[in-house]
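A.B. asks: sequence first, predicted model second:
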Amino acid sequence: MDFLDDPEPHRPENRVLHRDDAPIIDLSEVDDVRPDVGIQAIDELLELETMGAKLWHFEPGEEVGYHAHPEEEEFYFVLEGEFSLKLGPPDDPEYVTVGPGTFWAAGPYEPHGHRYVGEETGVVLALGAPPGNDEVLNPYELESP
């Protein structure tokens with residue numbers, strides 16, 4: 001899914017990009033895309049082909065809802081702020097509070113979600129492979145292994 005409106009967005013030379021040079025896109029203004037947070041589409045700007053890479057910007061209370069994917073493996077790194085993670089199966093989820101410097105990951109069919117619980121803007125680096133519109137699954141509808 002392309003998030004950049006400009007058909008010819010600025011492409012950095014040698015695929016080097018500073019965080020401050022990537023525009024923040026307000027997803028609340030993009031139809032049919034949730035969550036309603038801000039993102040920097042690093043993958044699009046650096047023309048990544050085999051992985052997705054976004055910086056997600058959260059205000060207090062914003063979240064990525066509890067979900068899973070059938071194919072995508074996701075990797076997260078907290079740059080700023082404090083987040084409450086919900087990880088694992090619906091019948092026995094684990095809740096973990098994390099802050100800057102914390103990594104977490106979710107593989108295919110692994111339910112996960114996170115809510116921003118800090119007071120200022122929170123920022124998470126999210127990487128995913130394979131990229132694209134991997135289907136989003138409701139963990140409550142998955143069959144138990």
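C.D. replies: Cool, got the structure. Residues are numbered from 1 along each chain as shown.

A.B. asks: thinking residue 105 is in contact with residue 76, fair?
C.D. replies: Yes. Using CB atoms under 8 Å, residue 105 makes contact with residue 76 at a distance of 7.0 Å. In short, each C-beta sits where N, CA and C put it, glycine included.

A.B. asks: quick one, which of these two is more surrounded?
C.D. replies: Between residue 105 and residue 76, residue 76 has the larger neighbour count (other CB atoms under 10 Å), namely 21 against 13.

A.B. asks: could I get the pLDDT score of that one?
C.D. replies: If you check residue 76, the pLDDT there is 97.

A.B. asks: do residue 58 as well
C.D. replies: At residue 58, pLDDT is 96.

A.B. asks: so what's it up against?
C.D. replies: Counting by CB atoms under 8 Å, 6 or more residues apart in numbering, residue 58 touches 37-38, 81, 83, 116, 121-124.

A.B. asks: inside strands: which ones of the residues you listed?
C.D. replies: 38, 83, 116, 122-124 (DSSP state E).

A.B. asks: as CSV, those with pLDDT and neighbour count would be great.
C.D. replies: Below are those laid out as CSV (pLDDT from 0 to 100; neighbours: other CB atoms under 10 Å):
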residue, pLDDT, neighbour count
38, 92, 18
83, 98, 23
116, 97, 26
122, 97, 25
123, 98, 19
124, 98, 24
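
A.B. asks: closest to residue 63 out of the residues you listed?
C.D. replies: Nearest to residue 63 among the ones in strands among the contacts of residue 58 is residue 116, at 6.6 Å by CB to CB.
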